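Asks: Here is my input; please provide its structure:
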Amino acid sequence: PEGPNIGLISSLATYARINDYGFIESPYKKADDGRVLHHFRVLKVGDGSFRLGQIVTGDELDAENEKLEAAGKRLVDAEPHAFYLSAWEEEKYIIAQANARLDEKGYFVNDRVIARAGGDFVTVERDRIDYIDISPKQLVSVAAALIPFLENDDA
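Replies: Take a look at the predicted model:
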């Protein structure tokens, strides 16, 4: 009963990982008040006030580094961070698709956004979105992701 997509999602998805308990988790970016937030994990604290390994927003990181640069001090170094959710955790949140339109500041362009809520596809107000997918291809395997225009492939 897999339908027309048989075999496309039968292997581990491109962006998934296995947690300590053996469950598959998918990565997401957090959204708050209609805006997608970019989070970072602090790798080097420099002369900043963050702790090593702390998760901060891009706005917080930029503000801290601007302050440090103006004072001629060592900057904070960080890497992008994604939040991983298991299928059970996903059920609790409203998750927008990765191809939802955003403006240059990360706000959803449309007032209503197509999302997943409790396993169903819904259209909700942008302020109700909790997370957004990292990539439109995160649900398919590496091999399937190589198929050009997969979403339009009826084969």
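Asks: Report all helices and strands that the helix or strand that contains Arg116 contacts.
Replies: Using DSSP states H and E, Arg116 sits in strand 112-117. If contacts are counted by 3 or more C-beta pairs under 8 Å, 6 or more residues apart in numbering; DSSP states H and E, strand 112-117 sits against strand 94-96, strand 120-125. All C-beta atoms are positioned from the backbone trio N, CA, C, and that covers glycine.
Asks: which of these sits most buried?
Replies: strand 94-96 (a mean of 20; mean count of other C-beta atoms under 10 Å).
Asks: for that strand, packing partners?
Replies: With contacts taken as 3+ C-beta pairs under 8 Å, 6+ apart, strand 94-96 sits against strand 112-117, strand 131-133.
Asks: List the strands paired with it, with their directions.
Replies: Looking at strand 94-96 with DSSP bridges, its partner strands are strand 112-117 (antiparallel), strand 131-133 (parallel).
Asks: just how off-centre is the first one within its chain?
Replies: Read it as strand 112-117. 15 Å (C-alpha atoms, centre = their mean, to the nearest Å).
Asks: one step back: could I get the average pLDDT for the strand holding Arg116?
Replies: Mean pLDDT, computed over strand 112-117, is 94.
Asks: Cool, thanks, talk later.
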